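*Asks:* Provided below for reference: sequence and predicted model.
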Amino acid sequence: MSELPGAERQRGAPRARAVDGARPPPAQVVVLVPPERMRTWVLRLAEVLERQASVPVRLIRAPWPAASSAGLPSEVLEPLLSRGRRAGHADWASSTALPSPDEIDWARTLVVNLTERDPHDFPPPLRTGLTLTPIFHGARRSEALAWPLLHGEAPHVAVVLSAADRVELLHAARLAAPERFRMRQALDLIFGRTITLIASAAAHVLDERPLPKPAPPPRPARELDALGFWWSLAGVAAPKIARAVSAPFLRHDWWCVGIRPLRADSSPIELDLATESFQLLDAGPDRFYADPFLLRHQGVTALFVEDYDYRRRKAVISGFTIDAAGRVGKPFTALAAAGHLSYPFVFSVGGQAFMVPESSANRTVELYEAVDFPEGWRQRAVLLEDIDASDTTLHFDVQTGLWWMFSAVAEPGGSSHDTLSIFYSERLEGPWRPHRANPVKLGPAGSRPAGPLLPWNGRLFRPAQDCTHAYGEGLVWCEVTSLTPEVFSERTVARNTPRAGFAGLHTYGRAAGYEVVDVQRPRPRLARLS
């Protein structure tokens with residue numbers, strides 16, 4: 001039975017202001033936790049709220065017995081099987097040393113209810129203010145996440161606002177869960193994104209920060225007993241075991257890049273990405289090519305890719321020149337660093353060629369300029385610092401004169417597969433300012449960037465990744481309908497899925513009379529592909 005309120009709100013009806021003129025604004029935030037133990041994501045949430053909220057934040061233990069919260073059946077066994085796992089959001093911590101409620105003006109308090117109890121069952125004084133409650137796939141108990149994780153659904157997490165006179169769905173999103181077999185790791189990512197949802201909802205209540213349209217509610221989930229849990233987990237684990245057994249013979253995560261002449265008048269939302277129509281570039285059994293980008297500069301057409309080395313477990317940016325007959329030259333190293341580099345977004349402005357590679361391993365967004373195109377590059381500026389940003393894509397809006405940056409930002413501790421944040425600037429080198437509604441989009445089907453934005457017949461299309469069931473399983477085409485420092489909106493208009501024999505498709509681009517794409521398929525470790 002779903003506990004999400006207000007079907008009319010879920011259909012995207014206009015959102016009323018969370019705090020009306022008849023109610024005094026919250027003077028503090030109280031994060032209310034179970035009296036004995038809590039997940040450690042709660043502590044991280046309190047830190048985020050303390051940093052972002054415009055009022056004081058307190059962490060308080062509930063003054064009533066805890067609801068039963070034994071965790072998932074696999075949680076005792078998993079730490080024994082994965083000793084290398086770092087501490088994460090799904091770990092447990094004692095809450096017994098936290099203070100109990102004292103003299104609190106609950107009428108002027110925003111309560112973040114993490115007790116997994118219905119706020120309407122709180123003592124009467126606690127019900128006089130406003131309460132935010134997370135709902136995990138239709139239920140207050142986080143154990144409800146086991147159902148979607150074990151049955152191939154994207155988990156749904158919502159944040160509900162409760163007051164004495166109403167219940168309102170504020171925020172909701174489907175979330176990526178790339179490692180369903182490793183339940184604790186999947187919970188780490190889901191709880192990390194729950195922090196984002198609650199922090200955004202609190203900012204909406206306190207500061208009227210805009211929120212995106214809530215994702216539709218999930219279908220009702222059936223509660224799993226211990227036998228059903230282990231049976232379903234075995235079904236999820238079977239493909240992982242099969243991949244592990246075949247790993248000495250096949251690389252299952254092998255990507256290659258395809259290039260073909262650009263088809264005249266081909267709308268980005270009517271693409272036929274038949275794999276046989278592309279020339280596929282084979283990096284060999286010990287490396288792969290992915291994230292292709294094209295640029296023609298100073299009479300030279302070049303293709304840049306992520307060049308990943310399995311043995312070193314990192315990538316450099318490699319390039320190829322393309323001659324007038326369409327022949328692809330030998331690869332060369334365009335850019336290397338101490339850390340991993342990928343997604344070499346290239347573009348030109350004012351006769352100068354630039355590159356913004358993904359450098360999330362360094363927690364930066366960096367701008368490089370060509371000093372000897374296409375092989376020589378040097379760093380020109382650091383656009384953003386202390387940020388885990390993936391697949392950063394720039395776009396210049398000629399009408400407003402603003403630069404826009406689209407990126408998948410994995411904060412705090414969530415996945416980069418289900419989020420989109422936007423930044424804007426009057427100058428390429430910054431300063432870059434975050435969009436007021438960041439993250440402007442949450443959900444695995446169409447958030448993470450997948451190549452350059454494409455203007456077409458007065459419309460603006462943004463390619464994005466579909467990571468609903470696995471990383472990079474397809475392309476989603478979104479039409480940007482509003483892009484201002486205050487408002488962002490887009491709608492899904494088309495999808496591209498891999499053809500038979502391929503398992504992934506996650507970057508597309510076009511320039512200089514060519515179009516490029518990357519595809520994933522199993523690759524024999526010894527034989528060379530035809």
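*Replies:* Everything's here; your move. Numbering: from 1, shown residues only.
*Asks:* Count the neighbours of residue 64 for me.
*Replies:* 13 (other C-beta atoms under 10 Å). Backbone N, C-alpha and C define where each C-beta goes, glycine included.
*Asks:* From residue 288, how far out is residue 520?
*Replies:* To residue 288, residue 520 is 9 Å away according to C-beta to C-beta, to the nearest Å.
*Asks:* can you check residue 103 too?
*Replies:* 62 Å.
*Asks:* Between those two, point out the one with more neighbours.
*Replies:* Regarding residue 103 and residue 288, a neighbour count based on other C-beta under 10 Å identifies residue 288 as having more, with 25 against 4.
*Asks:* what are the phi and psi values for that one?
*Replies:* In terms of degrees, to the nearest 10, the main-chain angles of residue 288 are phi -140, psi 160.
*Asks:* so what's it bridging to?
*Replies:* Counting by DSSP bridges, residue 288 forms beta bridges with residue 308.
*Asks:* hang on, it packs against residue 256?
*Replies:* Yes - if you go by C-beta atoms under 8 Å, residue 288 and residue 256 touch, sitting 6.5 Å apart.
*Asks:* Residues in contact with both of residue 520 and residue 288, list them for me.
*Replies:* Shared contacts of residue 520 and residue 288, defined by C-beta atoms under 8 Å, 6 or more residues apart in numbering, comprise 253-255.
*Asks:* Please identify which of those is nearest to residue 237.
*Replies:* Taking C-beta to C-beta as the measure, residue 237 lies nearest residue 253 of those, at 17.9 Å.
*Asks:* Test my guess that the closest one contacts residue 523.
*Replies:* No - at 9.1 Å, residue 253 does not count as touching residue 523 under the criterion of C-beta under 8 Å.
*Asks:* Between those two, which has more neighbouring residues?
*Replies:* Ranked by neighbour count (other C-beta under 10 Å), residue 253 and residue 523 place residue 523 first, with 21 against 17.
*Asks:* Could you check how far the more buried one is from residue 72?
*Replies:* Distance of residue 523 to residue 72, given as C-beta to C-beta: 35 Å.
*Asks:* contacting residues for the closest residue to residue 317 other than its chain neighbours?
*Replies:* Once flanking residues are discounted, residue 317 sits nearest to residue 335: 4.0 Å by C-beta to C-beta, 6 or more residues apart in numbering. Taking C-beta under 8 Å, 6+ apart, we find residue 335 in contact with 316-317, 341, 344, 355, 357, 368, 377.
*Asks:* do that again at 10 Å, thanks
*Replies:* Shown in contact with residue 335 (C-beta atoms under 10 Å, 6 or more residues apart in numbering): 304, 316-319, 341, 344, 355, 357, 359, 366, 368, 375-379.
*Asks:* just residue 455 next, same as before
*Replies:* Residue 455 touches 268, 395, 397-398, 461, 480, counting by C-beta under 10 Å, 6+ apart.
*Asks:* May I have the strands that pair with the helix or strand hosting it, each with its orientation?
*Replies:* Assigned by DSSP states H and E, residue 455 belongs to strand 454-456. If you go by DSSP bridges, strand 454-456 pairs up with strand 459-466 (antiparallel).
*Asks:* Quote the end-to-end distance of stretch 479-489.
*Replies:* Chord length of stretch 479-489, first to last residue, is 9 Å (C-alpha to C-alpha, to the nearest Å).
*Asks:* What strands flank the strand or helix carrying residue 173, and is each parallel or antiparallel?
*Replies:* Counting by DSSP H and E, the element that carries residue 173 is strand 166-174. If you go by DSSP bridges, strand 166-174 pairs up with strand 156-163 (antiparallel).
*Asks:* tell me which residues in the partner strand are buried?
*Replies:* 156-163 (16 or more other C-beta atoms under 10 Å).
*Asks:* Of those, which is the nearest to residue 424?
*Replies:* Closest to residue 424, out of all of those and judged by C-beta to C-beta, is residue 159, at 26.4 Å.
*Asks:* Surely the closest one touches residue 193?
*Replies:* No - counting by C-beta atoms under 10 Å, residue 159 does not reach residue 193; the two are 11.4 Å apart.
*Asks:* what is in contact with those two at once?
*Replies:* residue 173.
*Asks:* Just the pLDDT for the residue nearest to residue 317.
*Replies:* Note for residue 335: predicted pLDDT of 97.
*Asks:* Residue 196 now?
*Replies:* 94.
*Asks:* Provide a list of residues in contact with the closest residue to it other than its chain neighbours.
*Replies:* Distances taken as C-beta to C-beta, 6+ apart put residue 414 closest to residue 196, at 6.0 Å, once the chain neighbours are dropped. By C-beta under 10 Å, 6+ apart, the residues touching residue 414 are 89, 175-176, 188-197, 388, 439, 442.
*Asks:* what do you get for residue 314?
*Replies:* 307-308, 336-342, 361.
*Asks:* hmm, try it at 6 Å
*Replies:* By C-beta atoms under 6 Å, 6 or more residues apart in numbering, the residues touching residue 314 are residue 340.
*Asks:* I'd like to know how far it sits from residue 359.
*Replies:* With C-beta to C-beta as the criterion, residue 314 and residue 359 are 12 Å apart.
*Asks:* Tell me, domain by domain, which residues of the chain belong where.
*Replies:* 7-222, 252-524 (automatic domain parsing).
*Asks:* right, and those domains - which one's nearest residue 243?
*Replies:* domain 252-524 (5.2 Å).
*Asks:* which residues of the chain fall in helices?
*Replies:* 7-10, 41-52, 78-81, 146-150, 183-207, 226-246 (DSSP state H).
*Asks:* which one of those helices lies closest to residue 32?
*Replies:* helix 41-52 (9.8 Å).
*Asks:* lowest-pLDDT helix or strand in the chain?
*Replies:* helix 7-10 (a mean of 35; mean pLDDT, DSSP states H and E).
*Asks:* that older thread, which of the shared contacts of residue 520 and residue 288 scores worst on pLDDT?
*Replies:* residue 253 (86).
*Asks:* Skipping its backbone neighbours, what lies nearest it in space?
*Replies:* Nearest non-adjacent residue to residue 253, counting by C-beta to C-beta, 6+ apart: residue 520, 7.0 Å away.
*Asks:* follow-up on the earlier one: as CSV, the shared contacts of residue 520 and residue 288 with distance to residue 264 would be great.
*Replies:* CSV is the format used below for the shared contacts of residue 520 and residue 288 (distance: C-beta to C-beta, whole Å):
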residue, distance to residue 264
253, 35
254, 32
255, 28
